[in-house]
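>>> sequence? don't have it. structure:
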């Protein structure tokens with residue numbers, strides 16, 4: 001494997017894993033709102 005291929009592979013791995021880590025940290029800090037359940041939805045009379 002040539003040096004340029006190793007450098008490009010390393011850069012792409014940092015981008016992918018870095019994006020995953022940033023997404024996890026973002027969701028831990030700002031969790032999604034929970035979906036309403038059947039008990040939360042008002043029933044028509």
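Good, I have the coordinates. From a predicted model like this one, the values you see are computed outputs, not experimental measurements. Numbering: from 1, shown residues only.
>>> pLDDT weak spots in this protein?
41, 45 (pLDDT under 70).
>>> what about the helices in the protein?
For the chain, the helices defined by DSSP state H occupy 3-29.
>>> give me the distance between the residue nearest the centre of it and residue 29.
Closest to where the C-alpha atoms of the chain average out (Cα atoms, centre = their mean) is residue 23, at 3.5 Å. Using Cβ to Cβ, to the nearest Å, residue 23 is found at 11 Å from residue 29. Bear in mind the C-beta positions are built from the backbone N, C-alpha and C, glycine included.
>>> run a quick neighbour tally on residue 26.
10 (other Cβ atoms under 10 Å).
>>> residue 34 now?
The burial count for residue 34: 7, using other Cβ under 10 Å.
>>> who's in contact with residue 31?
Applying Cβ atoms under 8 Å, 6 or more residues apart in numbering, we find residue 31 in contact with no residue.
>>> Provide the backbone phi and psi angles at it.
Here is the backbone geometry of residue 31 (degrees, to the nearest 10): phi -70, psi 150.
>>> that one and residue 25, how far apart?
Distance from residue 31 to residue 25, by Cβ to Cβ: 12 Å.
>>> repeat for residue 2
Counting by Cβ to Cβ, the gap from residue 2 to residue 25 is 34 Å.
>>> looking at these two, which has the bigger crowd around it?
Neighbour totals were compared for residue 2 and residue 25, and residue 25 leads with 10 against 7 (other Cβ under 10 Å).
>>> quick check: that one vs residue 33, distance?
18 Å.
>>> and if you look at residue 27?
For residue 27, the distance to residue 33 - Cβ to Cβ - is 12 Å.
>>> what's the local residue count around residue 13?
By other Cβ under 10 Å, neighbour count at residue 13 equals 10.
>>> report the contact partners of it.
Residue 13 sits next to no residue when contact means Cβ under 8 Å, 6+ apart.
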